[in-house]
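Asker: sequence? don't have it. structure:
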């Protein structure tokens, strides 16, 4: 899958704290965006939220346990499982699975509905467990955008139309089932904190995998400098635990 860059409009409205960072962007200790538009780190607002693992029909542990598990976590909130653009974005993110797992982490996807879930899983569009947040608790906590009449229901962005045409040309299957107005997002956690986020603003808006990889490497380097050799040993142990603990797919 190609790694198409996200639109500039998708940047989170951060307060600029450094002259070498573009306006509207805030940086943390790693030189990366850390906190959301409400000034809170995504790790904090997700900490106590539980979602459903469709493979078992049971609730997962609080997301805070996933985020604080020791290795990096790439958390992808899917707008709609049947959407070809969403499937394409999930497949693009899955190209990072090897690098994330090598650092002792994992990829996890969460959708807000079950429509299209079975086909999404069977199509192997995502390299990790796929969970469901039917009450949209995580989506709400992260203040992810919901399109409506005020923004043409997400179809006014020209990038959405070009993205749909690209997806059609690539032959990505899809359908129109489910709620397509709730936007998703992608969040990278390292050391229990969010070091990268991307919050969708339109149907064709998706994260830039190259940016996520850069954020991962920068954060891992910073954590090793801070923690010393013990961090590397912890990462190896975390890798084994994450591999053994992955939920089976539905």
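Answerer: Good, I have the coordinates. Since the model is a prediction, treat every value here as computed from it, not as a measurement.
Asker: residues near residue 70, how many?
Answerer: 18 (other Cβ atoms under 10 Å). Any C-beta I mention is one placed from the backbone N, CA and C, and that applies to glycine too.
Asker: I figured it was touching residue 189, is that so?
Answerer: No: Residue 70 lies out of contact with residue 189 (Cβ atoms under 8 Å); the separation is 10.9 Å.
Asker: Identify each of the helices in the chain and give its residue range.
Answerer: Ranges of helices in the chain, per DSSP state H, are 42-46, 63-67, 84-94, 97-102, 117-122, 137-141, 158-169, 209-227, 229-245.
Asker: okay, now residue 48: neighbour count?
Answerer: Residues lying near residue 48 (other Cβ under 10 Å) number 12.
Asker: any idea how far residue 113 is from it?
Answerer: 22 Å (Cβ to Cβ, to the nearest Å).
Asker: Same check on residue 50?
Answerer: Separation of residue 50 from residue 113 (Cβ to Cβ): 17 Å.
Asker: same check, this time on residue 106
Answerer: 23 Å.
Asker: which of the two has more neighbours?
Answerer: Taking other Cβ under 10 Å, residue 106 and residue 113 do not tie; residue 106 has more neighbours (26 against 20).
Asker: what's across from the more buried one in the sheet?
Answerer: On the basis of DSSP bridges, residue 106 is bridged to residue 73.
Asker: State the distance from it to residue 189.
Answerer: Distance of residue 106 to residue 189, given as Cβ to Cβ: 11 Å.
Asker: who touches both of the two?
Answerer: Common contacts of residue 106 and residue 189 (Cβ atoms under 8 Å, 6 or more residues apart in numbering): 73, 74.
Asker: low pLDDT regions in this structure?
Answerer: For the chain, the stretches flagged by pLDDT under 70 are 1-39, 147-176, 180, 225-250.
Asker: can you rerun that using 50?
Answerer: 1-33, 150, 152-153, 228-245, 247-250 (pLDDT under 50).
Asker: Report how many residues lie close to the closest residue to residue 42 other than its chain neighbours.
Answerer: In this structure, residue 42 finds its nearest non-sequential neighbour in residue 194, 3.9 Å apart by Cβ to Cβ, 6 or more residues apart in numbering. Applying other Cβ under 10 Å, we find 28 other residues in the vicinity of residue 194.
Asker: Quickly list what residue 194 is bridged to.
Answerer: With DSSP bridges as the rule, residue 194 is bridged to residue 189.
Asker: What's the separation between it and residue 43?
Answerer: Separation of residue 194 from residue 43 (Cβ to Cβ) stands at 5 Å.
Asker: likewise residue 112?
Answerer: If you go by Cβ to Cβ, the gap between residue 112 and residue 43 works out to 20 Å.
Asker: What of residue 213?
Answerer: Separation of residue 213 from residue 43 (Cβ to Cβ): 20 Å.
Asker: neighbour-wise, which of these two wins?
Answerer: residue 43 (22 against 17).
Asker: For the more buried one, give me its contacts.
Answerer: 64, 67, 68, 189, 192, 193, 194.
Asker: neighbours around the second one, how many?
Answerer: So the one you mean is residue 67. 24.
Asker: Also the first one?
Answerer: As a burial measure, residue 64 scores 16 neighbours (other Cβ under 10 Å).
Asker: List the residues that contact residue 131.
Answerer: 51, 52, 53, 54, 60, 108, 109, 110, 111, 247.
Asker: pretty sure the second one contacts residue 132?
Answerer: This points to residue 52. Yes: the criterion here is Cβ under 8 Å, and residue 52 meets it with residue 132 at 4.8 Å.
Asker: the more surrounded of the two?
Answerer: Shown here are residue 52 and residue 132; by other Cβ under 10 Å, residue 132 has more neighbours (20 against 17).
Asker: Check the gap between that one and residue 192 for me.
Answerer: 24 Å.
Asker: Okay then, goodbye and thanks.
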